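>>> Got a predicted structure plus its sequence, pasted below:
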Amino acid sequence: MTGAAVRQGEGHFAENIAYFARALRSAGLPVGPGAVLDAITAVEAAQIGSREDFYWTLHAVFVKRHEHSILFDQAFKIFWRRRALLEKLIAQMSPISPGGAKKEEKPKAGALRVAEALATPQSRQPEPLEQTEISARLTVSDREVLKAKDFAQMSADEIARAKHLINELCMPDDTVMTRRFLADRKSRRIDPRRTFRQSLRGGGAAIDLAYRKPAVRHPPVVALMDISGSMADYTRLFLHFLHAIAEKRRRVHSFVFATRLTNISRELTGRDPDEALARASKRVQDWEGGTRIAQALHEFNRHWSRRVLGQGAVVLLFTDGLEREVTDQLTFEMDRLKRSCRRLIWLNPLLRFDAFEPRASGIRAMLPYVHEFRPIHSLASMDELCRALSSRQSGRGDPRQWSRSP
Amino acid sequence: MAERPGSIDETLALLESAGYVADRPLATILFLALKLGRPLLLEGEAGVGKTEIAKVLSTTLGRRLIRLQCYEGLDIAAAVYEWNYAGQMMAIRLAEAGGAVHRDTLEGELFSERYLVKRPLLQALEADAAGAPVLLIDELDRTDEAFEAFLLEVLSDSQVTIPELGTVRAEHPPIVVITSNRTREIHDALKRRCLYHWVDYPDARRELAILKSRVPDASGRLSKEIVGFVQAIRKEDLFKAPGVAETLDWASALVELDAVALDPALVSDTLGVLLKYQDDIQRMQGSRAKEMLDRVLSELRVPA
């Protein structure tokens, strides 16, 4: 193959790659225009010999996440199947008209995920915007009443107002120390680099010391949310709460479970909370079904704990703990979860009852493995959670006060 | 100094010559990384041979290997450069003792290469007689995002900016290999600059080839049994499945014990080499291990 041949064929070949990139993009892979250029260079550099080589060359450029491998695989098969397009391309890298490249993007049966991804844009309809104008200027007494009210007993209007109040909550300001440093006048640690630069300003005759202190950052928050039927009244507001937290700090990972575990972190990063929730609920397939806590925890421990629990994560476990069958697996997984994170906080809306006693066997089994046990049924309890996260001592969240035998 | 490989097949042969048995996808991406001069980002479970790739590259190509082990709190002073403060202090005192020195001269002298302590990233940008070095940035997921952002300049332009000194630019960009165990997600901005590859557990055929090349003392029968058992155990519901590194360790251990074949007692006794979590060991010990071993052995006896 000569350089001229490549040059000559470049037009159509490049077009094909660009079409393929577009197909990948609509299947959900983040493929930018830079990647297309890279792909063209890479294919030319590799002097492709077989279909497999071509596959892995494009894979090298377009896939940046392990999960995307499978999407790429399907898209590749669908796209390059037509009329032995690829074989011809490999044979000479000669001009091949993409013909109906649009048609090629249309998948046949089989590759479900890609097919869905390619099909969605048309079917998506703008959701009717709720035109409820909410007065942000609530009176003081209104606020007080709303704060103490149980989410389950709120009217639709009150819930809308509560969502606004959630955004106004003082978000937790918990920090962990890092091994980096920031300039600080009041600290006692000397910063040699700045000291020398400063003293040179004056000619080096006098050395005035500069100081620094360790920098702090927010630890990641990982939320595991039970979305089974018994929790329905609380889940959505808690999701709003999480969304509000996610705005303040960079790393918040959210998972929901009923019978299976779903990661909705990416969906929750949307700017608008309602839109983010809508996208998240589309991902989740078992809203308000039954619950299998042990199974969900097992899945989390196995597939996610190592990926998201690093760097001192705080885990918020949001569930009522009403597991139907309590087995050893539940305690085992709780124990593993507790040992893999820095702080495990159980948020249980059942604590709204004044006379709550941990009678259910699921709750009794899980209690010994959490660091804190807190209510989460009203704005006031959310506020309390924020304060508890900010301060170090656990205060009244100590789970041992519940597990004393009656 | 060896030449960079000219094709995917040559890359495969090159890796094989150093005892690294790679599959074709890995050879493809490695060839592209060398050819296009792009950093290579390898992700995968612990012990599948990610770090080894950089080492093999450095020996086969005859380049210097510069390794930057990442950890939480890694900062510029430990990764790129630091000023030799004690030396600078001496220089200031000497200048004072020697009488009036012009301020600019002193400043220029203090912040010159003489007082610069070079750390791995800066070393990797230096010209080397053997050709551009191999820069291994190991376990990048252990650092924080702030450090990742700093890497962007090094990875895309092979340069480092030192405020007091100016920009240091590599004439020949280093061969960069980044590994990650995925304990957190690497930022997209960094991924975009790299070629990405997920290193998976090898299949039985390749694992056997790896074992033969790395632990040649193990008999053919033992090697086959080891690979069969490890492949089977990876399908179990374990918290941490054993990697290739564990397979090799286990094989060496068994060779040291003068084993010629696996038996249940031997497996039970040496399971700690293969599995690193108490729960996993407990689950596999005793009858479970025996059952699995019997299955593996009977499969081996039947000629495929």
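Thanks, I have it.
>>> so what's the residue in chain B positioned nearest to chain A up against?
Nearest residue of chain B to chain A (CB to the nearest CB) works out as B:Gly73 at 2.5 Å. Yep, even glycine has a C-beta here, placed from its N, CA and C like the rest. Contact analysis of B:Gly73 by CB atoms under 8 Å, 6 or more residues apart in numbering or on different chains lists A:Thr178, A:Arg179, A:Arg180, B:Thr143, B:Asp144.
>>> Make a markdown table out of those and add pLDDT.
Formatted as a markdown table, these follow (pLDDT from 0 to 100):
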| residue | pLDDT |
| --- | --- |
| A:Thr178 | 78 |
| A:Arg179 | 76 |
| A:Arg180 | 80 |
| B:Thr143 | 87 |
| B:Asp144 | 82 |
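>>> Could I have the buried ones of these as PyMOL selection syntax?
Only the buried entries of those go into this PyMOL selection, using 16 or more other CB atoms under 10 Å in any protein chain shown:
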select buried, (chain A and resi 178+180) or (chain B and resi 143+144)
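>>> Can you add distance to A:Ile293 and secondary structure and give the contacts of B:Gly73 back as CSV?
What follows is these, written out as CSV (distance: CB to CB, whole Å; DSSP: H, G, I helix; E, B strand; the rest coil):
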residue, distance to A:Ile293, secondary structure
A:Thr178, 34, strand
A:Arg179, 37, strand
A:Arg180, 38, strand
B:Thr143, 34, coil
B:Asp144, 32, coil
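>>> what sits against whichever residue of the stretch 251-400 of chain A sits closest to chain B?
In the stretch 251-400 of chain A, no residue comes nearer to chain B than A:Gly310, which is 4.2 Å away by CB to the nearest CB. Residues near A:Gly310 by CB under 8 Å, 6+ apart: A:Pro220, B:Asp141, B:Arg142, B:Thr183, B:Arg184.
>>> Restricted to strands, list these.
Mapping those onto strands (DSSP state E) picks out no residues; all lie outside.
>>> Next step: those restricted to helices.
Among the contacts of A:Gly310, no member is found in helices (DSSP state H).
>>> Show me which pair in the residues you listed is furthest apart.
A:Pro220 and B:Arg142 (14.1 Å; CB to CB).
>>> what residue lies at the spatial centre of the chain?
If you meant another chain, say so; for now it's chain A. A:Ser265 (1.8 Å; CA atoms, centre = their mean).
>>> think we crossed wires, I meant chain B
B:Thr51 (1.6 Å).
>>> ranges for the strands of chain A?
Ranges of strands in chain A, per DSSP E, are A:176-183, A:189-190, A:211-217, A:221-226, A:252-257, A:261-263, A:314-318, A:343-347, A:372-374.
>>> Sort out which residues of the third one are buried, please.
Buried residues in strand A:211-217, counted by 16+ other CB under 10 Å: A:Tyr211, A:Arg212, A:Lys213, A:Ala215, A:Arg217.
>>> worst-scoring helix or strand of chain A, pLDDT-wise?
One helix or strand of chain A scores below all others by mean pLDDT, DSSP states H and E: helix A:101-105, with a mean of 39.
>>> Poorly predicted segments of chain B, please.
Chain B contains residues with pLDDT under 70 at B:1-2, B:100-101, B:303-304.
>>> Please parse chain B into its domains.
Split into domains by automatic domain parsing, chain B comes to B:8-80+B:119-198, B:81-113, B:204-301.
>>> Of these, flag the one that's most buried.
Of all the domains of chain B, domain B:8-80+B:119-198 has the most neighbours on average by mean count of other CB atoms under 10 Å in any protein chain shown, namely a mean of 19.
>>> Start and end of that one, how far apart?
End-to-end span of domain B:8-80+B:119-198 (CA to CA, to the nearest Å): 18 Å.
>>> Was I right to think A:Pro220 contacts A:Val308?
Yes. Using CB atoms under 8 Å, A:Pro220 is in contact with A:Val308, at 6.8 Å.
>>> Pull up the overlap in contacts between these two.
Common neighbours of A:Pro220 and A:Val308 (CB under 8 Å, 6+ apart) are A:His253.
>>> more neighbours, those two?
When A:Pro220 and A:Val308 are compared for neighbours, A:Val308 comes out ahead with 25 against 22, by other CB atoms under 10 Å in any protein chain shown.
>>> what's near enough to touch B:Val232?
Actually, residue B:232 is Ala rather than Val. Contacts for B:Ala232 (CB under 8 Å, 6+ apart) come out as B:Met292, B:Arg295, B:Val296.
>>> Now do the phi/psi pair for the closest residue to the second one other than its chain neighbours.
The shortest distance from B:Arg295 to any residue that is not its chain neighbour, by CB to CB, 6 or more residues apart in numbering or on different chains, is 6.9 Å, and that residue is B:Ala232. When read as degrees, to the nearest 10, the backbone of B:Ala232 gives phi -70, psi -40.
>>> Repeat that for the one 3 residues further on.
As for B:Lys235, its main-chain torsions (degrees, to the nearest 10) stand at phi -80, psi -10.
>>> Now do the contacts for the closest residue to chain B within chain A.
At 2.5 Å from chain B, A:Arg179 is the closest residue in chain A, using CB to the nearest CB. Contact partners of A:Arg179, counting by CB under 8 Å, 6+ apart, are A:Pro214, B:Glu72, B:Gly73, B:Asp75.
>>> just B:Ile186 next, same as before
B:Ile186 neighbours (CB under 8 Å, 6+ apart): B:Leu41, B:Glu43, B:Leu140, B:Asp141, B:Glu148, B:Ser180.
>>> three-state assignment of it?
coil (DSSP: H, G, I helix; E, B strand; the rest coil).
>>> Spell out the residue ranges of the helices in the stretch 51-200 of chain B.
B:76-79, B:85-97, B:103-110, B:120-125, B:145-157, B:188-192 (DSSP state H, counting those that start in this stretch).
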